[in-house]
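Enquirer: would you be able to build a 3D model of this:
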Amino acid sequence: MKTLLILRHAEAGHSFTGDDHARTLTERGPSQARQVGRWLAQSQHLPEMTVVSTAMRTRQTCIWINHELGEKAPTPYLDERLYQASSSVLCSVINETPESVHTLLVVAHMPGVQDLSTQLASQDSAEHAVLEMATHWPPAGLAVFTVTKPWAELDGRDAALATFV
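Expert: So this is what the prediction gives:
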């Protein structure tokens, strides 16, 4: 069994220059990301691989998560396809994950993270978690899925949403 962690970046500020890609975290953002890192460490959902959008706010989120994970943090892989990606693009990136990876963390953006999570949630998902995830996905919101099939075959209604943090 594998674990898929889908994370929306922590709270980001507004772009006054029009450069959305360069938006940085707000004062609350690092704290939110560190809380995610602590939760991952305490819950034993330690990522073996992390794939991150190239946007500044997602990279900063990953830095603060890895700060909390310390030596257990994998080196993040920056993937430009994740910047403002649709659910289908996010899924295709996940499909490329090597089968040797048992826990994958994806750090990306709304609405793609929510759309993909809604698409992946199987009938075996925790109903309360699905309702919460589908109605309100705050900054640093994290969906935790259990996956039983190969990464390359993941496409829809085939991962159980265990919890939404």
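Enquirer: how about stretch 136-148: buried residues?
Expert: Across stretch 136-148, burial judged by 16 or more other CB atoms under 10 Å covers 137, 139-147. (Each C-beta comes from the backbone N, C-alpha and C, glycine too.)
Enquirer: swap in stretch 71-86?
Expert: 73-74, 76, 78-79, 82-83, 85.
Enquirer: tally of neighbours for residue 131?
Expert: 12 (other CB atoms under 10 Å).
Enquirer: and the helix or strand that contains it, what does it pack onto?
Expert: Taking DSSP states H and E as the criterion, residue 131 maps to helix 127-135. Packing partners of helix 127-135 (3 or more CB pairs under 8 Å, 6 or more residues apart in numbering; DSSP states H and E): helix 112-120, strand 160-164.
Enquirer: touching stretch 31-50 from outside, list them.
Expert: With contact meaning CB atoms under 8 Å, 6 or more residues apart in numbering, stretch 31-50 is reached by 3, 5, 7, 10-11, 25, 60-69, 72-77, 97-98, 101-107, 139-140, 142, 144, 165.
Enquirer: wait, residue 144 sits on residue 163?
Expert: Yes: counting by CB atoms under 8 Å, residue 144 does reach residue 163; the two are 4.8 Å apart.
Enquirer: now for the nearest residue to residue 140 once chain neighbours are set aside, which secondary structure element holds it?
Expert: Counting by CB to CB, 6 or more residues apart in numbering, residue 140 lies nearest to residue 32, which is 3.8 Å off, once chain neighbours are set aside. Using DSSP H and E, residue 32 falls within helix 29-43.
Enquirer: tell me which residues in stretch 154-165 are buried?
Expert: Using 16+ other CB under 10 Å as the test for burial, stretch 154-165 gives 154, 158-165.
Enquirer: before we move on, back to that, against residue 8, how distant is the residue nearest to residue 140?
Expert: Distance, residue 32 to residue 8, by CB to CB, to the nearest Å: 10 Å.
Enquirer: now residue 109
Expert: 7 Å.
Enquirer: who's more crowded, these two?
Expert: When residue 109 and residue 8 are compared for neighbours, residue 8 comes out ahead with 26 against 20, by other CB under 10 Å.
Enquirer: surely the more buried one touches residue 112?
Expert: No: taking contacts as CB under 8 Å, residue 8 lies outside contact range of residue 112: 9.1 Å.
Enquirer: if we can go back for a sec, can you put the buried residues of stretch 71-86 in CSV and add secondary structure and distance to residue 19?
Expert: CSV is the format used below for the buried residues of stretch 71-86 (DSSP: H, G, I helix; E, B strand; the rest coil; distance: CB to CB, whole Å):
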residue, secondary structure, distance to residue 19
73, coil, 28
74, coil, 29
76, coil, 22
78, strand, 17
79, coil, 20
82, helix, 17
83, coil, 12
85, coil, 18
